[in-house]
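Colleague: A structural model of the following input is requested.
(chains A, B and C)
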Amino acid sequence: MNKHIEFDCEKRRHFLMELYNRLEDTNGQTNWWPADTPFEVCIGAILTQNAPWRGVVKSINNLKENRIFDVHIIADTPEQILAKAIRPSIYYNQKAKKLKTFCRFLLERYKGKIENMAGQDMLEARKTLLALPGIGCETADSILLYALGMPVFVVDAYTRRIFTRHGLIDPNWDYENIRNFFEEALEPDVGLYGEFHALICLLGANYCKRNPGCDNCPAKEIMGEPVL
DNA sequence: GACCAGGCACATC
DNA sequence: GATGTGCATGGT
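Modeller: All right, here's what the predicted structure looks like:
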């Protein structure tokens, strides 16, 4: 027995677009992901794992100020030095390893440029990224969408929490189930996916964190009363 | 001072 | 294959 409301693709598309438009009306264009280069998107995607974004900004600034922010230099910098620079991102020892592994991978396979993955088939690229240690579904999809401009819907903790809370997805669904929920219903539009994910994150951070009743939430009218 | 945030890997059952 | 646990900062 599923607890969530089931609705066909067309109705779902309608609903999601209504939600998207409402969130955009409230917040405007987010222009997420904030990064100067596709490489910076990748580094940010790894650093933001279970960490607030403000810490990631500090970490990236530290890397830049220390002139480490370069694929060759990160690959060759001792973990301790990296860890010190990315301390504000939490789990800095683990993440220092991840950054080095990722940069070495880029150098070995793509001449140090993530852009060189862009010609690859999307599913192949996804598989390649997921095979790397430290890159899970959300991180891989963030890289595919925001660094490579591939139409993948990024699912994060907020997406799960918000849509579960309102009875729109099943609490037991895994990452792929939730991704399909969006991708089946929406056109594969990179701009739409990028903005939608960002708006969901804003919604989560501003209204859902410690507000089970969803008071004052701009999307409540469309999403309905919380059921969980 | 407690709580928890835009995950992931690995151990254990 | 499902569930639990370590990682370990800094703002509220």
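Colleague: Nearest the middle, which residue of chain A would you pick?
Modeller: A:Ser142 (4.3 Å; CA atoms, centre = their mean).
Colleague: Determine the three-state secondary structure at the residue lying closest to it once chain neighbours are set aside.
Modeller: Spatially, and ignoring its direct neighbours in sequence, A:Ser142 is nearest to A:Ala45 (4.2 Å; CB to CB, 6 or more residues apart in numbering). All C-beta spots, glycine's among them, are computed from the backbone N, C-alpha and C. Classification of A:Ala45 using DSSP: H, G, I helix; E, B strand; the rest coil returns helix.
Colleague: what helix or strand is A:Lys98 on?
Modeller: Assigned by DSSP states H and E, A:Lys98 falls within helix A:92-110.
Colleague: From the chain's centroid, how far away is that helix?
Modeller: Once both centres are worked out by CA atoms, centre = their mean, to the nearest Å, helix A:92-110 turns out to sit 18 Å from its chain's centre.
Colleague: The nearest residue to A:Cys137 once chain neighbours are set aside: neighbour count?
Modeller: Spatial nearest neighbour of A:Cys137, chain neighbours left out: A:Tyr175 (4.5 Å); criterion: CB to CB, 6+ apart. When neighbours are counted by other CB atoms under 10 Å, A:Tyr175 registers 15.
Colleague: Might one say that A:Tyr175 is in contact with A:Ala140?
Modeller: No. If you go by CB atoms under 8 Å, A:Tyr175 and A:Ala140 don't touch, sitting 10.3 Å apart.
Colleague: give the contact list for A:Gly44.
Modeller: Residues near A:Gly44 by CB atoms under 8 Å, 6 or more residues apart in numbering: A:33, A:35, A:56, A:60.
Colleague: What confidence value was assigned to A:Gln49?
Modeller: A:Gln49 is assigned a predicted lDDT (pLDDT) of 94.
Colleague: count of residues packed around the closest residue to it other than its chain neighbours?
Modeller: With sequence-adjacent residues excluded and distances taken as CB to CB, 6+ apart, A:Gln49 is closest to A:Thr139, at 6.4 Å. Residues lying near A:Thr139 (other CB under 10 Å) number 23.
Colleague: Contact partners for A:Thr139?
Modeller: Applying CB under 8 Å, 6+ apart, the residues near A:Thr139 are A:45-46, A:49, A:129.
Colleague: what do you get for A:Glu6?
Modeller: Neighbours of A:Glu6 in contact, by CB under 8 Å, 6+ apart: none.
Colleague: Quick check on it: phi, psi?
Modeller: As for A:Glu6, its main-chain torsions (degrees, to the nearest 10) stand at phi -110, psi 130.
Colleague: quick revisit: how much space between the residue nearest to the centre of chain A and DNA strand B?
Modeller: When CB to the nearest atom of the strand, to the nearest Å is the yardstick, A:Ser142 and DNA strand B sit 6 Å from each other.
Colleague: circling back: what helix or strand does the residue nearest to A:Gln49 sit in?
Modeller: Counting by DSSP H and E, A:Thr139 is part of helix A:137-142.
Colleague: How far away from the center of its chain is the following helix or strand past that helix?
Modeller: Going down the chain from helix A:137-142, the next helix or strand is helix A:157-165, by DSSP H and E. Computed by CA atoms, centre = their mean, the chain-centroid distance of helix A:157-165 equals 14 Å.
Colleague: counting contacts, what elements does helix A:157-165 pack onto?
Modeller: Contact here means 3 or more CB pairs under 8 Å, 6 or more residues apart in numbering; DSSP states H and E; on that basis helix A:157-165 packs against helix A:175-183, helix A:190-203.
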